[in-house]
Every structure is written in structure tokens, then in C-alpha cells.
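J.: Below: sequence and its predicted model.
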Amino acid sequence: MNYVDEFRDGALAQNIAARLRAEADPARRYRFMEFCGGHTHALARYGVVDLLPHNVRMIHGPGCPVCVLPVGRIDMAIRLALDQGVTLCSYGDVMRVPASGDLSLLRAKARGADIRMVYSPADALALARGQPGREVVFLAIGFETT
């Protein structure tokens, strides 16, 4: 796929669906789990599930840690940064997660909170060492590799 427009090509989608039907053994049942809420949403929004053969079923998984994060956790982090004045560090995938009051970490940063995107815990540690007079909090959300 070279262009975003290819994702919206109905004829291409029908061709892919026909190829899936041809490959799926009618004597078997297939189950695939999408683990990300974004995947589930895209499959439903674009009607992909309706294009699958009758013996191919998508199972909605648990959601990735960012997608299923309770909104209260983001609210608490925002309050730490906005109200308590801490420097809050987190990964980029958390920056746009919606919180209460039409906020996100990115929007709280725009309101003046000291919120920084880091690439590793070592980045947060280096920041804390460089600012010994400030409290630095690392908001770690993610898979077991996090």
C-alpha cells in the first residue's frame, strides 16, 4: 500500500475478501483476536467483519494497556502535573489518551503543566538527576516490556 486512498478502495477490499474466502477451508473454523481497541474500532467502522467468510470470526481482545487504561489514572497524572507542579514523564502513546474535562496529557501540557515525552525510564531518570530540586514522576503505561 503506497497511499492512504488504497485503504478506501472498495474494489480492492472486495478482491481481498474474495481471496480470503478462497483460502479459508470451509471445513475449518478460524478465530482471530484483535487485541487493540483501535483495531476493533477500525474493523467495525469499515465493515471488514462483514467481508470475512462465515467461518472466520474476529474475537475482541482485552485491549492494549493504553486503550483500557482507566480514565482516573490519567486524571491523577494530570492533577500531579497541573496542581502539584511535578514534572511528569510518559511515553508518547499516552499523551493523547482522553481524560476528564476534555483534557489529555498533551492538553494539560498546553495549559502549562510540565509534561515530557520520554523514550525510556532512563530518560526520566536523567531528567530527575538533572533537576534534583523538582519531583519527577514517570507514568509507565504499556506492555510487559514497559
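T.: Good, I have the coordinates.

J.: Would you point out the helix or strand in the protein whose mean pLDDT is lowest?
T.: helix 37-45 (a mean of 79; mean pLDDT, DSSP states H and E).

J.: Distance check, Ile78 against Asp93.
T.: 16 Å (CB to CB, to the nearest Å). (Glycine included, C-beta is placed from N, CA and C.)

J.: repeat for Gly101
T.: For Gly101, the distance to Asp93 - CB to CB - is 21 Å.

J.: between the two, who's got more neighbours?
T.: The neighbour count for Gly101 versus Asp93, taken as other CB atoms under 10 Å, is higher for Asp93 (15 against 9).

J.: pLDDT score for the more buried one?
T.: Per-residue pLDDT puts Asp93 at 82.

J.: same thing with the one 10 residues further on?
T.: At Leu103, the pLDDT value in this model is 94.

J.: what do you get for Cys67?
T.: Cys67 is assigned a pLDDT of 69 by the prediction.

J.: And for the one 5 residues further on?
T.: The model reports Gly72 with a pLDDT of 91.

J.: With the one 5 residues further on instead?
T.: Ala77 is assigned a pLDDT of 96 by the prediction.

J.: For it, which non-adjacent residue is spatially closest?
T.: Leu139 (5.0 Å; CB to CB, 6 or more residues apart in numbering).

J.: Is it correct that that neighbour is in contact with Asp93?
T.: No - counting by CB atoms under 8 Å, Leu139 does not reach Asp93; the two are 11.2 Å apart.

J.: In the protein, what residue spans correspond to strands?
T.: 30-34, 56-60, 87-90, 115-117, 136-139 (DSSP state E).

J.: Put together a markdown table for the ones you listed, with mean pLDDT, distance to Gly47 and mean neighbour count on each row.
T.: Shown next, in a markdown table, are these (pLDDT from 0 to 100; distance: least, CB to CB, whole Å; neighbours: other CB atoms under 10 Å):
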| stretch | mean pLDDT | distance to Gly47 | mean neighbour count |
| --- | --- | --- | --- |
| strand 30-34 | 89 | 15 | 12 |
| strand 56-60 | 89 | 12 | 14 |
| strand 87-90 | 96 | 35 | 22 |
| strand 115-117 | 96 | 35 | 20 |
| strand 136-139 | 95 | 36 | 19 |
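
J.: Tell me which of the ones you listed sits nearest to Arg19.
T.: strand 56-60 (12.3 Å; CB to CB).
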